[in-house]
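Engineer: Please find the sequence and the predicted model below.
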Amino acid sequence: MTRLVSLLLILFIPVASSARGVYQEPSAFINEVFSDEPPSVKKLWLTGDRKKIATEILGHRPNSLRTRYWGKANRTAWILEEIGKEKPITVGIVVNNNRIERVKVLIFLESRGWEVRHDFFTKQFKDIQLQENKQLNKHIDGISGATLSVRALKKLSRLALYLHMQTAFSHDTP
Amino acid sequence: MTRHKRKPKPLIKLRSLYLWHRYGGISAAILMLLLAVTGIFLNHTVELKLDKRFISSESLLNWYDIEAPQRAIGYATQHHNITLVEDKLYLDKRPLHGHFESLAGAIELQDVIIIAVDTQLLLFTEQGELIERITDIDGRRVQIGAIGKLDDKIVIQTNNFLLTDLDFSSWQSASQQDILMIAWSYPTRLPVALRHHLEHDYRSNILTTERIILDLHSGRILGQFGVYLMDAAAIMLILLALSGSYIWLQQLRKRRSHQRKNYN
């Protein structure tokens, strides 16, 4: 019995302790996305219709009136936050030609649902687009026990796609 | 020769048991009602949002020994007071979202309120709407020691002194001459009325309705005595169930013997 408990502790303690925290600093993510030559930061105000649609997507008012992004050619990178259950999940999202190029969980502080940081999950978002009704055009398989984190990532992906369309980078190279 | 069957004597006198059952029932009824009502509420905690409703009654807060916060640090800008009460941040009387460990100062620049907390700068409108959170100070996450103004520039103290503008897109080190000219934000004494308001607001966000109902249900609202009282009520309920069944059985037996006599 003692052996079994020890084995379980050995197996699970590293998983539990490594599950929460900062996986990558947002600035490091932006540097990586733009091969260490990030463009200057830009800002997008979430007011008027934008605020209304962002509220529809998130299911609540956006946390702030202004969001930052980085853009080059038809590509934009966003650092967005959404509460999973109680604490914020910080996600880096890259949109290229109105399709998601990459989703990466950067900071995860919740005690559950950290499985969403794995590539097997985030890969599902690749090439996804936003439909007219502001929904994703592809189904995302959930993870049992991580429903709220999955929901948060889906919302942020929709928001990033919508916000990308609000920038000059969605049309042509500025 | 006929044999007379001797009537078995009841173990307990039925009349006295009946009286005991009646008075016991009445005395236990109030506690039973309390248990039942609080039990129903507890079954629907989520739907009724009992865990999100807070008690602000002074007498209840005092009963639970919920004290005024130990730590309250405040900074005043031209038009506003920014206060950190324990881990809660307030813009005047308005609580701001989030939990914070330290407040390094606050300034106002072109109708934007800039608050330095922990490793971030919070930008608010005059109406208290969050414009943006700046978590990246010159590409890093650093603890902010102080915030100040130099003309239309914002200055923060980390390991060194960094200058930026309201765009927050680039940071530069302040020169020795700049440092001498900075108008730093210093802690101020809170106005008494504001302090009282914030203390009450802080205390009013600790005790949930769910906690009160749980303690009413278990009796803990009266301390250990309440727990024993609820134990006594539970034991009383068990005894009432037993005595009620016993009375019912005795009466059933009586009724049957009457019926048998009438039939003969």
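Structural biologist: Thanks, I have it.
Engineer: where along the stretch 101-250 of chain B do the strands fall?
Structural biologist: Assigned by DSSP state E, counting those that start in this stretch, the stretch 101-250 of chain B shows strands spanning B:103-109, B:112-117, B:120-124, B:130-134, B:146-150, B:153-157, B:161-164, B:172-173, B:183-184, B:187-188.
Engineer: so who does the residue nearest to B:M230 when sequence neighbours are not counted touch?
Structural biologist: Counting by Cβ to Cβ, 6 or more residues apart in numbering or on different chains, B:G219 is the residue found nearest to B:M230 once chain neighbours are left out, at 3.4 Å. Placement of C-beta: from N, CA and C, glycine included. Going by Cβ atoms under 8 Å, 6 or more residues apart in numbering or on different chains, B:G219 touches B:F225, B:G226, B:V227, B:Y228, B:L229, B:M230, B:D231.
Engineer: Could you do B:V155 as well?
Structural biologist: Listed by Cβ under 8 Å, 6+ apart, the contact partners of B:V155 are B:I147, B:G148, B:K149, B:F161, B:L162, B:L163, B:A174, B:D178, B:I182.
Engineer: closest to chain A among these?
Structural biologist: Proximity to chain A was ranked across the contacts of B:V155 by Cβ to the nearest Cβ; first place goes to B:L162, at 15.0 Å.
Engineer: Just grab the bridge partners of that closest one for me.
Structural biologist: Beta-bridge pairing for B:L162 (DSSP bridges): B:I156, B:S173.
Engineer: residues in contact with it?
Structural biologist: Listed by Cβ under 8 Å, 6+ apart, the contact set of B:L162 reads B:I137, B:D138, B:V155, B:I156, B:W171, B:Q172, B:S173, B:A174.
Engineer: run the last query once more with 6 Å
Structural biologist: For B:L162, the contacting residues are B:D138, B:I156, B:W171, by Cβ atoms under 6 Å, 6 or more residues apart in numbering or on different chains.
Engineer: any idea how far chain A is from the residue nearest to B:M230?
Structural biologist: Distance, B:G219 to chain A, by Cβ to the nearest Cβ, to the nearest Å: 31 Å.
Engineer: got CSV for the strands of the stretch 101-250 of chain B, with mean pLDDT and distance to B:E210 too?
Structural biologist: Listed next are these as CSV, based on pLDDT from 0 to 100; distance: least, Cβ to Cβ, whole Å:
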stretch, mean pLDDT, distance to B:E210
strand B:103-109, 95, 31
strand B:112-117, 96, 30
strand B:120-124, 94, 31
strand B:130-134, 92, 29
strand B:146-150, 94, 39
strand B:153-157, 93, 41
strand B:161-164, 92, 45
strand B:172-173, 90, 52
strand B:183-184, 94, 44
strand B:187-188, 94, 36
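Engineer: Of the ones you listed, which is nearest A:I79?
Structural biologist: Taking Cβ to Cβ, strand B:130-134 is the member of these nearest to A:I79, at 10.5 Å.
Engineer: my read: B:K153 touches B:F161, true?
Structural biologist: No - here B:K153 does not reach B:F161: they are 10.9 Å apart, not a contact under Cβ atoms under 6 Å.
Engineer: Comparing those two, which residue is more hemmed in?
Structural biologist: Neighbours per residue, other Cβ atoms under 10 Å in any protein chain shown: of B:K153 and B:F161, the larger number sits with B:F161, 20 against 17.
Engineer: count of neighbours near the closest residue to B:S27 other than its chain neighbours?
Structural biologist: Nearest non-adjacent residue to B:S27, counting by Cβ to Cβ, 6+ apart: B:M236, 7.4 Å away. B:M236 has 17 neighbours, counted by other Cβ under 10 Å.
Engineer: for A:F169, same thing?
Structural biologist: 24.
Engineer: so what pLDDT did it get?
Structural biologist: A:F169 is assigned 92 on the pLDDT scale.
Engineer: Next one: the nearest residue to it once chain neighbours are set aside, what pLDDT does it get?
Structural biologist: Excluding the flanking residues, the one nearest A:F169 by Cβ to Cβ, 6+ apart is A:G71, at 4.1 Å. In this model, A:G71 is scored at 94, pLDDT.
Engineer: One more: B:H258?
Structural biologist: We have a pLDDT of 82 for B:H258.
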